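[1] let's see this in three dimensions:
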Amino acid sequence: MSKFRWAVAVAALAPMLASTPASAGGSGPHPVTPWVRGVEAHTPTWVDIHWQTGAKICDAHVWVKGEHVDVRYPSNTGTYTSFHRDEMLKPGEVGRTAVAVTAHRDKSAFVPLEATLIYTNCKSDKAKVKGFRLTLPVIVS
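    From the prediction side, this is the model:
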């Protein structure tokens, strides 16, 4: 894809990115931004979701889904993704989860994704579940 098209896509996203404060998620775990990096349609691409939290969390598992989007997870976890270094995230840290997405689109679009995070507070085994809406820019060349 041409650099010009990517530049146009980034320029179109800039006002939306600037209007989304990183603190919008509160003190619990949440994505740093609701935007996932742009991908080309029909091309498997690894993308990262960056997370932060105001309280330590453990045993984190993340699932992602989207309409007409195939999702694959890292081979070491298989059916889910977790933070890059381990399944824990502490306040002040930024954690990264990775998924491979293939968006089956015939037109460029902003595709909604749903991310589900299951985690504990590290003190008990009681799991908490949170859902998040993300946006995947898809470019058709």
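[2] hey, let's count contacts and neighbours off CA atoms from now on
    Will do.
[3] pLDDT weak spots in the protein?
    1-26 (pLDDT under 70).
[4] nearest residue to the middle of it?
    Ile49 (3.2 Å; Cα atoms, centre = their mean).
[5] what bridges to that one?
    For Ile49, the beta-bridge partners are Thr97 (DSSP bridges).
[6] use 41 as the first number from now on
    Fine by me, first position is 41 from now on; the one you just mentioned is Ile89.
[7] next, the contact list for it, please.
    71-72, 76, 136-138 (Cα atoms under 8 Å, 6 or more residues apart in numbering).
[8] which of those residues sits closest to Thr119?
    Within these, distances to Thr119 taken as Cα to Cα reach their minimum at Ala138, with 12.2 Å.
[9] nearest residue to that closest one other than its sequence neighbours?
    Asp88 (4.5 Å; Cα to Cα, 6 or more residues apart in numbering).
[10] show me what contacts that neighbour?
    Asp88 makes contacts with 76-77, 136-139, as judged by Cα under 8 Å, 6+ apart.
[11] so Gly135 makes contact with Thr121?
    No. Applying Cα atoms under 8 Å, one finds Gly135 not in contact with Thr121, separated by 11.8 Å.
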